[in-house]
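1. Have a look at this fold, sequence not included:
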């Protein structure tokens, strides 16, 4: 049974930084593509970033490119999202997901058990 657990969310002022972590168990993590999505109040869940299992493919949503960095540590079964220069519009619940689409325009949606419960990120102005 796969378990996906995010941590690291919180309240930060605009211009600040946060690092989200996501630990995965019950999978062969070093063969899994990994990604981050977010959902703001009243909005649809949207792609933030994704990384292939090898690390050779990395993509970001245009709104976060240059500010966010996705990385992974296969020895720890963990994927990270470093978020710098945060803006109030980055406020959302951030979800970690196993086997995501690797591009923002894909219509593929991973099944429910591959998602974490989410961690709240709030950016104050």
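-> Received it, and whenever you're ready, just let me know what you need. These figures come from a predicted structure and were not determined experimentally.
2. mind checking pLDDT for the residue sitting nearest the centre point of the chain?
-> Note on the chain: the residue nearest the mean C-alpha position is residue 36, at 2.1 Å, using C-alpha atoms, centre = their mean. On the pLDDT scale, residue 36 is placed at 98.
3. what packs against whichever strand or helix holds it?
-> In this structure, residue 36 sits in strand 34-39 according to DSSP states H and E. Applying 3 or more C-beta pairs under 8 Å, 6 or more residues apart in numbering; DSSP states H and E, we find strand 34-39 packed against strand 18-25, strand 46-51, strand 68-73, strand 78-83, strand 92-98. Just so you know, the C-beta spots here come from the backbone N, C-alpha and C atoms, and that holds for glycine as well.
4. These into TSV, with extra columns for mean neighbour count?
-> Shown next, in TSV, are the helices and strands packed on strand 34-39 (neighbours: other C-beta atoms under 10 Å):
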stretch	mean neighbour count
strand 18-25	19
strand 46-51	23
strand 68-73	18
strand 78-83	22
strand 92-98	23
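5. export these to a markdown table and tack on distance to residue 57 and mean pLDDT?
-> Shown next, in a markdown table, are the helices and strands packed on strand 34-39 (distance: least, C-beta to C-beta, whole Å; pLDDT from 0 to 100):
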| stretch | distance to residue 57 | mean pLDDT |
| --- | --- | --- |
| strand 18-25 | 18 | 97 |
| strand 46-51 | 7 | 97 |
| strand 68-73 | 11 | 98 |
| strand 78-83 | 14 | 98 |
| strand 92-98 | 15 | 98 |
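6. and the residue nearest to the centre of the chain, bridged to which residues?
-> residue 49, residue 96 (DSSP bridges).
7. related to what we said a few turns ago, for residue 32, find the nearest of the helices and strands packed on strand 34-39.
-> strand 92-98 (5.2 Å; C-beta to C-beta).
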